[in-house]
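Participant: no letters, just coordinates:
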């Protein structure tokens, strides 16, 4: 009798996929998580020695952006189903597809989810939250998770239905367009945030004059900088941080460094709150 | 402020959930926006929680687990700093400053837990040999519980001691030049997160869009939604006009008006 995966199996694979990273470890990273997610599928297809072999097959090294694991689960399920029904698919092929997909998919998933979706939904939420509005956290939670769950659910179905054809999709234009589009949106918003959501004030007085109308005019360094280009100092700071991060300096150390700059600057009267 | 037993218990439970969330990175319960809000809710001052959450979220914007790299831990930072601000009567700026060393400590704890998780992975190998599915599940959950307690236990300890005043006395002893300086730094500390996101994108040739965003924000009062729409329009137009894509699909490009819809559909697929 032909073995067929049911929608129930996919439902449980979907539920379990939400726990992919629970046992993330320094040795094989998401390996156990991937195997854990495949259990409902492997249980349907195999028993005895075959099941043991299948479990071991999916405990190999695995690591990618968590949400884009969904299509990989789908395609792996499709291959395992064929294999269980007698097709000659060696272990190497199944692992080869997994390993071959996790790199390129992480390359798509990281800029889309961590670089664009989360910063933008989080910044939107934070813009409400800093005024004390509960809408902020709720908006962030709902928007981010709606997209995430959609990707997780349809990703599995898509991978299963398309099977190995999906490899061509990854190499093709569609994902590249999506990644590039997301990066443009992400970078545009980052540029806006560097300007809007930072504040630097250098209150050092450059000149103090009484003008022709008899008004007392105080010109500070910050005043001059703002006339030139508002947000110039944060922009330069961003570039400095980018350069330090590229040299593998830990982000927390940079943050401590900036705290030190704030304390020393405030102490000397060079920096103040706006 | 002395916390009730129920509050201490809830802090422990939510701390554990946030710790799990930090490792799973799915529901985002570990992000400051969520974690600070819930902690504030438990302590009876949700508004302050939301404000800390929003402020800390901007700093943590670029904290992400990419490849094998483990991010500074937003969960531990969010839960404990909110307890210190709400129950320890500190101002938000000091809370944010305390959150940073906590994030670093959380990161170290996360690395330790993810190293210990190797043991669970090895145990799972032997369960696979036996075909023991339940054993595999338990290994996976075991590692998750470890990740939860990593935040749950420190949060519990802080919640239990905050009423004694010792923590408060320590925090109140900080001289004003430090707290003032931290407040000043709070204005620009967020650039680290922005820099992390920009670096992660790894698309130097798209940097003109970054500068455009910077200038548009500098000289307009557009809010984030308006800026997002402009960014989206730019992204769609860029892809529609990019010869890299039109060369491959030369045929529909000649079809005129209708291809714009197709490309938009492709974007939304």
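Facilitator: Arrived safely. Remember, it's a predicted structure, so these values are computed and weren't measured experimentally.

Participant: identify the residue spatially nearest to residue A:158, adjacent ones excluded.
Facilitator: Nearest non-adjacent residue to residue A:158, counting by CB to CB, 6 or more residues apart in numbering or on different chains: residue A:71, 5.7 Å away. All C-beta spots, glycine's among them, are computed from the backbone N, C-alpha and C.

Participant: any weak-confidence spans in chain A?
Facilitator: Residues of chain A meeting the criterion pLDDT under 70: A:171.

Participant: show me where it has strands.
Facilitator: Assigned by DSSP state E, the strands in chain A fall at A:205-210, A:216-220.

Participant: give the contact list for the nearest residue to residue A:45 once chain neighbours are set aside.
Facilitator: Spatial nearest neighbour of residue A:45, excluding adjacent residues (CB to CB, 6+ apart): residue A:84 at 3.9 Å. Shown in contact with residue A:84 (CB atoms under 8 Å, 6 or more residues apart in numbering or on different chains): A:3, A:45, A:46, A:50.

Participant: just among those residues, which is most surrounded?
Facilitator: Comparing the contacts of residue A:84 by number of neighbours (other CB atoms under 10 Å in any protein chain shown), residue A:45 comes first, having 21 neighbours.

Participant: shouldn't that residue be in contact with residue A:55?
Facilitator: No. Residue A:45 lies out of contact with residue A:55 (CB atoms under 8 Å); the separation is 11.6 Å.

Participant: quick one, what contacts residue 188?
Facilitator: No chain in the question, so chain A it is. B:209, B:210, B:212, B:213, B:227, B:230, B:231, B:234, B:235.

Participant: wait, I meant chain B there
Facilitator: Contacts of residue B:188 were listed using CB under 8 Å, 6+ apart, and they are A:198, A:199, A:200, A:233, A:234, A:237, A:258, A:262.

Participant: now the buried members of these.
Facilitator: A:198, A:200, A:233, A:234, A:237, A:258, A:262 (16 or more other CB atoms under 10 Å in any protein chain shown).

Participant: take those and keep only those in helices.
Facilitator: Among these, the ones falling in helices (DSSP state H) are A:233, A:234, A:237, A:258, A:262.

Participant: roughly how far apart are the first one and residue A:262?
Facilitator: To tie it back to what came earlier, the one meant is residue A:233. 13 Å (CB to CB, to the nearest Å).

Participant: go on, the third one?
Facilitator: Noted for residue A:237: a distance of 11 Å to residue A:262, by CB to CB.

Participant: now the closest residue to chain B within the stretch 1-150 of chain A: how far from residue B:33?
Facilitator: At 2.8 Å from chain B, residue A:129 is the closest residue in the stretch 1-150 of chain A, using CB to the nearest CB. The gap separating residue A:129 from residue B:33 is 6 Å, by CB to CB.

Participant: before we move on, what about residue B:228?
Facilitator: 17 Å.

Participant: ok, the two, which is more surrounded?
Facilitator: residue B:33 (32 against 19).

Participant: do I have it right that the more buried one meets residue A:127?
Facilitator: No. The criterion here is CB under 8 Å, and residue B:33 misses it with residue A:127 at 10.8 Å.

Participant: which neighbours do these two share?
Facilitator: Here residue B:33 and residue A:127 have A:136, B:54 as joint contacts, going by CB under 8 Å, 6+ apart.

Participant: who's in contact with the residue of the stretch 1-150 of chain B found nearest chain A?
Facilitator: Closest approach between the stretch 1-150 of chain B and chain A, counting by CB to the nearest CB: residue B:54, at 2.8 Å. Applying CB under 8 Å, 6+ apart to residue B:54 gives the contacts A:125, A:126, A:127, A:128, A:129, A:130, A:131, A:136, B:32, B:33.

Participant: now residue B:27. Its backbone dihedrals?
Facilitator: Taking degrees, to the nearest 10, you get phi -80, psi -10 for the backbone angles of residue B:27.

Participant: could you measure from the spatially closest residue to it that is not a sequence neighbour over to residue B:147?
Facilitator: In this structure, residue B:27 finds its nearest non-sequential neighbour in residue B:21, 5.8 Å apart by CB to CB, 6+ apart. Distance of residue B:21 to residue B:147, computed by CB to CB: 9 Å.

Participant: compare these two (neighbour count), which wins?
Facilitator: Just comparing residue B:21 and residue B:147: by other CB under 10 Å the higher neighbour count belongs to residue B:147, 28 against 23.

Participant: correct me, but that one touches residue B:23?
Facilitator: Yes. Assessed by CB under 8 Å, residue B:147 is found in contact with residue B:23 at 4.0 Å.

Participant: shared neighbours of the two, which are they?
Facilitator: A:22, B:110, B:113.

Participant: got a winner among these for most neighbours?
Facilitator: residue A:22 (27 neighbours).

Participant: could I get the phi/psi values of it?
Facilitator: For residue A:22, the backbone dihedrals (degrees, to the nearest 10) come out as phi -50, psi -40.

Participant: contacts only, for it.
Facilitator: A:33, A:36, B:20, B:23, B:24, B:140, B:141, B:143, B:144, B:147.

Participant: and which of the residues you listed is nearest to residue A:61?
Facilitator: For those, the residue nearest residue A:61 by CB to CB is residue A:33; the value is 11.8 Å.

Participant: tell me the contacts of that closest one?
Facilitator: Contacts of residue A:33 by CB under 8 Å, 6+ apart are A:19, A:20, A:21, A:22, A:23, A:24, A:62, B:140.

Participant: which strands and helices lie in contact with the longest helix along chain B?
Facilitator: When chain B is parsed with DSSP H, its longest helix is helix B:92-130. The contact analysis (3 or more CB pairs under 8 Å, 6 or more residues apart in numbering or on different chains; DSSP states H and E) places helix B:92-130 against helix A:31-45, helix A:48-57, helix A:251-268, helix B:5-24, helix B:46-59, helix B:74-86, helix B:133-161, helix B:176-186.

Participant: contact partners for the residue nearest the centre of chain B?
Facilitator: Closest to where the C-alpha atoms of chain B average out (CA atoms, centre = their mean) is residue B:31, at 3.8 Å. With contact set as CB under 8 Å, 6+ apart, residue B:31 has these partners: A:122, A:140, B:57, B:60, B:74, B:78.
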